[in-house]
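>>> mind looking at a prediction? Sequence and model below.
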Amino acid sequence: MQHKRPKMTLLQRAKQFMPFAALKGFQELLEETAQYKESRKELSEEQLEVLDKQCKGLVIGNLVSVVYHNGRVYDTVQGRLEQMDRVYRTMTVEGVIVPMSHIMRVTTIG
């Protein structure tokens with residue numbers, strides 16, 4: 001015995017193939033991970049020495065501009081140097097904690 005199914009309307013057929021968003025936020029996550037990533041450049045020995053001298057010459061309260069790799073791309077933070085942690089090798093500028101190993105360039109402003 002064969003059961004005949006009722007014929008679907010075009011609207012019902014279209015609904016059947018509509019995208020299903022079972023994973024809320026998944027599309028946003030895909031778009032975020034698809035964003036451009038810039039690889040971190042390795043500094044030469046000479047560049048590291050110059051950067052080290054620049055960092056040693058900094059004083060808390062100096063106005064600085066720091067170019068660093070934020071994990072995805074190179075970024076710049078400008079403002080007052082708030083802290084230099086020589087143990088954990090970080091510097092804090094305007095509330096942004098920057099690992100010294102991620103710094104590409106430091107300049108004093110003014």
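Yep, that arrived. Numbering: from 1, shown residues only.
>>> pLDDT below threshold where in this protein?
Low-confidence regions of the chain, defined by pLDDT under 70, span residues 1-2, 18-23, 33-34.
>>> where do the helices sit along it?
For the chain, applying DSSP state H gives helices covering 10-16, 26-33, 45-56.
>>> how about residues contacting the first one?
It refers to helix 10-16. Residues from elsewhere that reach helix 10-16 (CB atoms under 8 Å, 6 or more residues apart in numbering): Met8. For glycine as for every other residue, the C-beta is placed from the backbone atoms N, C-alpha and C.
>>> same check, this time on stretch 28-40
Contacts for stretch 28-40 (CB under 8 Å, 6+ apart): 69, 72-74, 102.
>>> let's see that with 6 Å instead.
With contact meaning CB atoms under 6 Å, 6 or more residues apart in numbering, stretch 28-40 is reached by 69, 72-73.
>>> neighbour-wise, give me the winner out of the residues you listed.
Highest neighbour count within the contacts of stretch 28-40: His69, with 18 neighbours (other CB atoms under 10 Å).
>>> isn't Phe69 right up against Ser101?
For the record, residue 69 is His, not Phe. No. In this structure, His69 is not within contact of Ser101 by CB atoms under 6 Å, at 9.1 Å.
>>> for Lys7, see how far away the spatially most central residue of the chain is.
Nearest to the geometric centre of the chain sits Arg72, at 4.0 Å (CA atoms, centre = their mean). From Arg72 across to Lys7, the span is 53 Å (CB to CB, to the nearest Å).
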